[in-house]
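Engineer: Just to be clear, the model below is a prediction. Sequence and coordinates:
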Amino acid sequence: MGHGGRSASRPGAWLLAVALVFIAAVAWAQTFPPLTGRIVDQAGILSPEAKADIEPKLVELETKSGIQLVVATVSSLDGQAIEPYANELFRAWRLGEATQNNGVLLLVAPNERRVRIEVGYGLEGTLTDALSSVIIANAITPRFKAGDFSGGVVRGVDDIITVLTTDASEWAARPDLRLDRQPEAGPPDWLLIAGFFGFFALFTISPGFRRLVMNVMFALLVTSGSGRSGGFGGGRGGGGFGGGGGGFSGGGGSSGGGGASGSW
């Protein structure tokens, strides 16, 4: 009799387990914020001025090229790494056109101090992983470190749009380009002057140093003369992206995990 009671209780236990799994799945699906606009500031870190600056740029980009760029900030990644979270959010929002997969998601998680640029399949050849990493490292995270979330997002959006709307072959050929970094200053003038006089003094005083310099100069003349027939070149490939009028709510696009992440 006791055995029969245990058997009878098993279906109820299974039903309870299935119900718990279903509830957990629904709760997990609801962790993503709804796509309420081109800027979804769930974390509340963007100033009104920054939103007013970014919004028309996103509208213009989508109107002219069909590329759908969305900025999102979230209060929590729900225990996930930012890479799978961004990819799942991108797919849930279906950014970009279904036929072009030309969506981009700039995701910021301030509590985890993580940022990611998630790129749709169709733009991976233009907004490459390398360029996404450059934008994060040079345009976004330095400002985040200084507490300027609005400035970092604005600059990041500007640089993403620059890459997407300029000659793709030029960007592809310059993966080490620093979009937001000024050229580093050269050595100070006094150091160059001191080096010149030091070289001149050694050349005048030391016969051994003088012979060494003459030998080096002679060797350079010989090698440069023999190598003049050589050259270098190479073609540059260019990526492309289709236009269109992807709807604001997401046009059915997808991402395979292309892009880059960073922290501060």
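Structural biologist: Cool, the structure landed. Numbers count the residues shown, from 1 in each chain.
Engineer: Where does pLDDT dip in the stretch 1-150 of the chain?
Structural biologist: Per-residue confidence for the stretch 1-150 of the chain (pLDDT under 70) gives these ranges: 1-30.
Engineer: residue boundaries of the strands in it?
Structural biologist: Under the criterion DSSP state E, counting those that start in this stretch, the stretch 1-150 of the chain carries strands at the ranges 39-41, 68-73, 103-109, 114-119.
Engineer: For these, give me TSV that also has distance to residue 146.
Structural biologist: In short, each C-beta sits where N, CA and C put it, glycine included. What follows is the strands of the stretch 1-150 of the chain, written out as TSV (distance: least, Cβ to Cβ, whole Å):
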stretch	distance to residue 146
strand 39-41	19
strand 68-73	17
strand 103-109	15
strand 114-119	14
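Engineer: among the ones you listed, which is nearest residue 136?
Structural biologist: Set against residue 136 and scored by Cβ to Cβ, those come closest in strand 114-119, at 6.0 Å.
Engineer: what packs against that closest one?
Structural biologist: Under the contact criterion of 3 or more Cβ pairs under 8 Å, 6 or more residues apart in numbering; DSSP states H and E, the helices and strands touching strand 114-119 comprise helix 82-93, strand 103-109, helix 129-135, helix 149-165, strand 258-263.
Engineer: Now the third one - C-alpha only, PDB.
Structural biologist: The C-alpha atoms that make up helix 129-135 are tabulated as PDB, following Å, rounded to 0.1, in the frame of the first residue of the first chain:
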ATOM      1  CA  ASP A 129      36.200  42.400 -34.900                       C
ATOM      2  CA  ALA A 130      39.500  44.400 -35.000                       C
ATOM      3  CA  LEU A 131      37.800  47.700 -35.800                       C
ATOM      4  CA  SER A 132      35.200  47.100 -33.100                       C
ATOM      5  CA  SER A 133      37.900  46.500 -30.600                       C
ATOM      6  CA  VAL A 134      39.700  49.700 -31.700                       C
ATOM      7  CA  ILE A 135      36.500  51.700 -31.200                       C
END
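Engineer: Kindly reformat the helices and strands packed on strand 114-119 as a markdown table containing mean neighbour count and distance to residue 252.
Structural biologist: Output for the helices and strands packed on strand 114-119, formatted as a markdown table (neighbours: other Cβ atoms under 10 Å; distance: least, Cβ to Cβ, whole Å):
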| stretch | mean neighbour count | distance to residue 252 |
| --- | --- | --- |
| helix 82-93 | 20 | 10 |
| strand 103-109 | 26 | 10 |
| helix 129-135 | 22 | 23 |
| helix 149-165 | 21 | 19 |
| strand 258-263 | 20 | 18 |
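Engineer: Output those in TSV, with distance to residue 43 appended to each entry.
Structural biologist: Formatted as TSV, the helices and strands packed on strand 114-119 follow (distance: least, Cβ to Cβ, whole Å):
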stretch	distance to residue 43
helix 82-93	13
strand 103-109	7
helix 129-135	20
helix 149-165	9
strand 258-263	16
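Engineer: does residue 39 really touch residue 53, like I thought?
Structural biologist: No - using Cβ atoms under 8 Å as the test, residue 39 is too far from residue 53 to be in contact (10.4 Å).
Engineer: Neighbour count for the two, which is higher?
Structural biologist: Of the pair residue 39 and residue 53, residue 39 is the one with more neighbours under other Cβ atoms under 10 Å, namely 19 against 16.
Engineer: Report the contact partners of that one.
Structural biologist: 46, 51, 54-55, 58, 70-72 (Cβ atoms under 8 Å, 6 or more residues apart in numbering).
Engineer: Show the buried residues in those.
Structural biologist: When burial is judged by neighbour count using 16 or more other Cβ atoms under 10 Å, the buried members of the contacts of residue 39 are 46, 51, 54, 58, 70-72.
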